[in-house]
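Undergrad: no FASTA, just this:
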């Protein structure tokens with residue numbers, strides 16, 4: 001029975017993640033119809049972290065600390081491993097972008113449109129804040145910190161990682177986004193398991209999202225963009241380098257139980 005309740009708790013958290021912003025939007029339409037533009041901007045920017053904070057508040061009412069609730073224990077892993085996680089996110093973005101070029105052009109066109117929609121040039125600072133900081137922190141707290149840990153109470157760690165990653169991927173809607181979000185979610189869950197702290201996946205997620213900013217902010221003729229994407233050879237070298245660095249970092253720090261970390265929880 002405890003295992004069933006653990007799975008239901010994880011699924012319930014996922015439902016809150018999906019439905020709370022929609023519920024707030026409906027309430028705004030009913031009670032604050034004159035402020036819908038501002039409320040929509042607020043929800044686009046803060047809905048994920050707001051959901052995470054509400055769920056953390058519920059955990060706190062049960063007496064749970066950040067460590068016991070979501071596994072946030074930065075001291076479990078040294079600074080070097082945290083830096084490796086951030087670097088893995090940065091280079092992981094380049095590796096994913098490179099590998100996506102082998103997909104059908106039609107998939108990539110619609111994916112580019114959906115990705116670009118995440119950035120609002122009229123509210124650039126808020127969009128950057130949401131993309132680089134608030135969304136990664138909120139999503140890691142919810143998916144790796146709450147959902148995956150709940151599933152681990154009912155199933156083997158690898159299956160809990162896969163199940164939570166599947167939910168994480170499904171939340172991203174577009175097929176291309178779903179596929180690599182699933183892979184990212186699984187890797188992040190493994191990293192947390194092997195290092196004993198959620199701060200590892202938060203930094204990796206921050207790095208991944210940070211690396212996406214140049215393609216959103218810079219024009220196609222910008223020097224940095226042309227340096228990488230200006231020729232097929234340069235982009236091939238860049239992509240292979242990113243893949244190689246990701247493989248090296250993973251083997252060095254995350255392919256097995258971290259030798260420098262405390263007991264994983």
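TA: In hand now; what should we look at? This one's a predicted model, so the numbers in the text were calculated from it and none came from an experiment.
Undergrad: mind listing what's buried in stretch 74-83?
TA: Residues of stretch 74-83 classed as buried by neighbour count (16 or more other CB atoms under 10 Å): 74, 76-77, 81-82. For the C-beta atoms, the positions are set from N, CA and C on the backbone; glycine is no exception.
Undergrad: which residues touch residue 162?
TA: Going by CB atoms under 8 Å, 6 or more residues apart in numbering, residue 162 touches residue 186.
Undergrad: whoops, residue 139 was the one
TA: 48, 52, 168, 205.
Undergrad: and the residues you listed, which are buried?
TA: With burial judged by 16+ other CB under 10 Å, the buried subset of the contacts of residue 139 is 48, 52, 168, 205.
Undergrad: Residue 135 is in contact with the second one, correct?
TA: Just to be clear, that refers to residue 52. No: assessed by CB atoms under 8 Å, residue 52 is found out of contact with residue 135, at 10.1 Å.
Undergrad: And the pLDDT at residue 191?
TA: For residue 191, the pLDDT comes out at 97.
Undergrad: What is the helix or strand hosting it packed up against?
TA: Secondary structure assignment for residue 191, by DSSP states H and E: helix 175-195. Counting contacts by 3 or more CB pairs under 8 Å, 6 or more residues apart in numbering; DSSP states H and E, helix 175-195 packs against helix 79-100, helix 105-117, helix 157-170, helix 199-210.
Undergrad: Mean confidence (pLDDT) on the third one, please.
TA: Put plainly, it is helix 157-170. For helix 157-170, the mean pLDDT works out to 96.
Undergrad: Tell me how far that helix lies from the chain's centre.
TA: Relative to its chain's centre, helix 157-170 lies at 13 Å (CA atoms, centre = their mean, to the nearest Å).
Undergrad: and what of the second one?
TA: In terms of CA atoms, centre = their mean, the centre of helix 105-117 is set 19 Å apart from its chain centre.
Undergrad: Go ahead and name everything in contact with it.
TA: Residues contacting helix 105-117 (CB under 8 Å, 6+ apart): 100-101, 173-177, 212, 216.
Undergrad: Same question for the longest one.
TA: When contacts are defined by CB under 8 Å, 6+ apart, helix 79-100 is touched by residues 74, 108, 111, 176, 180, 184, 191, 195, 199-201, 203-212, 215, 235, 238-243, 245-246, 249-250, 252-254, 258, 260-261.
Undergrad: Can you point out the buried residues in it?
TA: Of the residues in helix 79-100, 81-82, 84-98, 100 count as buried by neighbour count, 16+ other CB under 10 Å.
Undergrad: Which pLDDT value goes with residue 257?
TA: Per the predicted model, pLDDT is 65 at residue 257.
Undergrad: Please read the previous query as pertaining to residue 265.
TA: Predicted confidence (pLDDT) for residue 265: 39.
Undergrad: what's the answer for residue 173, then?
TA: On the pLDDT scale, residue 173 is placed at 81.
Undergrad: Leaving out the residues flanking it, which one is nearest to it?
TA: Excluding the flanking residues, the one nearest residue 173 by CB to CB, 6 or more residues apart in numbering is residue 114, at 7.4 Å.
Undergrad: Could you pull up phi and psi at residue 64?
TA: Here is the backbone geometry of residue 64 (degrees, to the nearest 10): phi -90, psi 130.
Undergrad: before we move on, the earlier item: quick check, nearest of the contacts of helix 105-117 to residue 31?
TA: Using CB to CB, residue 173 comes nearest to residue 31 of those, at 28.4 Å.
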